[in-house]
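>>> only geometry, no sequence info:
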């Protein structure tokens, strides 16, 4: 099997799963229970929370565990809108957001929230001049996808954060789902940060929102005391412990993993650029973990299924998107044809150069075969 | 590259007869504090020289900042005792510093060095003025004070000095037992006692099931912070419940706390004897609560002949809190777990108890046997300054 769909999800690391199983079996009590077993579970939960906080360089009280990044994104935006009802409802964002935000934007727009999309440069990065123009003193929120999940465009979070320092009333939310464990992140200038463990070999159903102390969020889920006062529900200690473990492993040797991904990227781009009918939708500054390309002469689903038969797995657009053409590619000014024929390869550090070589061979054969059929028709 | 940390002794230099002993204990404390750092020590007449690798420097500075008995220390660069090498190194050392005025002081313990101290200080000053822009010499109030010590083979160059904690090396005064509750005052009292050279063992009166395990862990966390100053602390956990229940059942309500404190003092005295401790220490502050009025102190104190050290007796609550914040115990101390002193508090504790009333109440209690049993069942937890990673294999 060649698994090149790591941006959709990764396969849970064995060590992370071991933690989940052991904690489930040994720390089964409710961490909010007063008895000794509850106390044990609570201690483990606190230790795990502290580990996550330390790895992100924030305070333990700023870590809120959620069910997924979609929940974190929704919580950050909706919680903020509810907490600051008297502020002007103006949000600056990009057309490159994950569906958990792009769909939410449509919904909020109907409710009267002003959603402003920032201009993108040719390479997909936010036009910072436009950001400065659109920013008003009373803008409530700037919400940015750090690494876009379809095309892998990396936004300059640090630079944007610096610009926002002059706007003390504007909150800065970053969706880091595709960047944690892949590129270095500093949360120093960020108020709210979403991510999810299953993108870095953790478990599905295990997300996180970092909420700085200075930000107030009205909960989406009300109830009794939990891991965090901002989200009710019995905490899953096993989930939280495995999140902490997955994060530690993900951030280990980050630079080495990145260089490895660079090598995979280079080999793949070399191969793809020599294939007829393949258009690369990838810029040099993009994440090496995500490579988007279009094959114009065949339907992407057909190619996907053909590759799937040979146990090669990649995706058309993101697993979460709903419409036909890729919104991200359209936003980048690509033609309708390119946007509706795109495919995405997403690596993890576990992929190898041999797999890339093997993939290029299989892709070539598959494209040749599809081309032949097309010719016969 | 190797650096040398020059350690100036604290108050101990004034104690002539005990000097060598004090220095020996200080060296021991430094050895313990720097157990993760490779270094070697030389002792000068008035200082200790600690040679460390560059890579270990930061860690060494951090650890030395927690050793009592050090007045101040400086980090010096080492060069060969040759004129040109010294000129170059001084320039390299200060060129990135931000200052307007400076002064160079040269000391020459190696009188064979061909240039006199005064002359060489002038040479160095001239060298800096030539190579650095817009700097001036100010011999009275310089922004930057550059010290150069020329020794036989090596020359030490240094500018900044770090303040030490002062006080005496922990242990020169022997052992004292600290009554450590979960509150704000007792950890501060412990810290201040350590400062005067007392090596601490801590005593925690536990009232399970009226108090929780979390309360005990809070006390362990506090002991861990104090352990930074002496490597390890023995925490004696006293199972106190039986005595409290006996007092509560048979005693007069308003005397509950007075009698309880007298029992604690009796246990402290017994534990001190057992541990060869010369005193015990607590966080009492005059007038803060009913059991800390002078009258209460008098009546409570009558059950022991040992000195009871109350380092924060004359400090205001705000002053105590300030020290607690400085040493990092405050955040832990304010965690909301009940301790044994808060579970059996009467509504109106007596402010002016009398000895006679206490004795009358105690006569009705069968406390001697219970005390013996309690002391027998007291157990020790050894607390290190490093938090053990309990869940390391899971996380």
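Done, it's in. The model shown is predicted, which means the values in this text are computed figures rather than measured ones.
>>> next to chain B, which bits of chain A? Give me the list.
For chain A, the residues in contact with chain B (CB under 8 Å from any CB of the partner chain) are A:19, A:22-23, A:34, A:36, A:39, A:43-44, A:47-48, A:51, A:241, A:244-245, A:248. The way it works is simple: take the backbone N, C-alpha and C, and place the C-beta from them, glycine included.
>>> redo that, cut-off 6 Å
For chain A, the contact set with chain B under CB under 6 Å from any CB of the partner chain comprises A:19, A:39, A:44, A:47-48, A:51, A:241, A:244-245.
>>> these in helices, which ones?
Using DSSP state H, the subset of the residues of chain A next to chain B located in helices is A:19, A:39, A:44, A:47-48, A:51, A:241, A:244-245.
>>> farthest-apart pair in those residues, please.
The most widely separated members of these, counting by CB to CB, are A:39 and A:245 (21.5 Å).
>>> neighbour count winner among those two?
Comparing residue A:39 with residue A:245 by other CB atoms under 10 Å in any protein chain shown, the one with more neighbours is residue A:245, at 27 against 17.
>>> for that one, list the residues it contacts.
Residues near residue A:245 by CB atoms under 6 Å, 6 or more residues apart in numbering or on different chains: A:16, A:19, B:395.
>>> now do it, the pLDDT please.
Listed pLDDT for residue A:245 reads 97.
>>> excluding its backbone neighbours, what's nearest it?
Leaving aside its sequence neighbours, residue A:245 sits nearest to residue A:19 (CB to CB, 6 or more residues apart in numbering or on different chains; 4.8 Å).
>>> OK, contacts around the closest residue to residue B:100 other than its chain neighbours?
Computed as CB to CB, 6+ apart, the closest residue to residue B:100 that is not its neighbour in sequence is residue B:143, at 5.5 Å. The contact partners of residue B:143, by CB under 6 Å, 6+ apart, come to B:99-101.
>>> can you flag the buried ones in those residues?
residue B:99 (16 or more other CB atoms under 10 Å in any protein chain shown).
>>> and of the contacts of residue B:143, the nearest to chain A?
residue B:99 (29.7 Å; CB to the nearest CB).
>>> from what I can see the closest one touches residue B:145, true?
No: if you go by CB atoms under 6 Å, residue B:99 and residue B:145 don't touch, sitting 9.6 Å apart.
>>> and the chain, what are its domains?
Let's take chain A. Annotated domains of chain A cover A:2-8+A:253-376, A:14-251 [automatic domain parsing].
>>> hmm, I had chain B in mind actually
Domains of chain B are assigned by automatic domain parsing as B:2-166, B:175-384.
>>> buried set for stretch A:358-375?
Neighbour-count burial for stretch A:358-375 flags A:359-360, A:362-363, A:366-367, A:370 (criterion: 16+ other CB under 10 Å).
>>> chain center to that stretch: distance?
31 Å (CA atoms, centre = their mean, to the nearest Å).
>>> go on, stretch B:137-146?
33 Å.
>>> can you list contacts of the biggest helix by length in chain B?
Ranked by residue count under DSSP H, the longest helix found in chain B is helix B:256-275. Helix B:256-275 is contacted from outside by B:177, B:201, B:238, B:243, B:247, B:251, B:280, B:291, B:300, B:303-304, B:306, B:344, B:346, B:349, B:353, B:361, B:375, using CB under 6 Å, 6+ apart.
>>> in that helix, what counts as buried?
For helix B:256-275, the neighbour count (16+ other CB under 10 Å) marks B:256-272, B:275 as buried.
>>> next structured bit after that helix?
Per DSSP states H and E, the first helix or strand lying C-terminal to helix B:256-275 is strand B:279-281.
>>> right, and residue B:335 touches residue B:219 too?
No: counting by CB under 6 Å, residue B:335 sits too far from residue B:219 to count as a contact (10.5 Å).
>>> of the two, give the one with the bigger neighbour count.
Legend: neighbour count by other CB under 10 Å for residue B:335 and residue B:219, higher for residue B:219 (30 against 13).
>>> the nearest residue to that one once chain neighbours are set aside and chain A, how far apart?
Once flanking residues are discounted, residue B:219 sits nearest to residue B:204: 4.7 Å by CB to CB, 6+ apart. Residue B:204 is 17 Å from chain A, where distance means CB to the nearest CB, to the nearest Å.
>>> quick one: secondary structure of residue B:204?
In three-state terms, and counting by DSSP: H, G, I helix; E, B strand; the rest coil, residue B:204 is strand.
>>> bridge partners for it, pull those for me.
Counting by DSSP bridges, residue B:204 is bridged to residue B:237.
>>> tally up the residues packed near it, please.
Residue B:204, neighbours per other CB under 10 Å, totals 27.
>>> could you confirm residue A:25 falls within a helix?
Yes: Residue A:25 forms part of a helix when assessed by three-state DSSP.
>>> thinking again about what came up before, so which of the contacts of residue B:143 are in helices?
Secondary structure from DSSP H places none of these in helices.
>>> so which residues of the stretch 151-300 of chain B form strands?
Listed in chain order, the strands of the stretch 151-300 of chain B (DSSP state E, counting those that start in this stretch) span B:154-158, B:161-166, B:175-179, B:199-206, B:232-239, B:279-281.
>>> how about a markdown table for those, with mean pLDDT added?
Formatted as a markdown table, these follow (pLDDT from 0 to 100):
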| stretch | mean pLDDT |
| --- | --- |
| strand B:154-158 | 93 |
| strand B:161-166 | 91 |
| strand B:175-179 | 98 |
| strand B:199-206 | 96 |
| strand B:232-239 | 96 |
| strand B:279-281 | 97 |
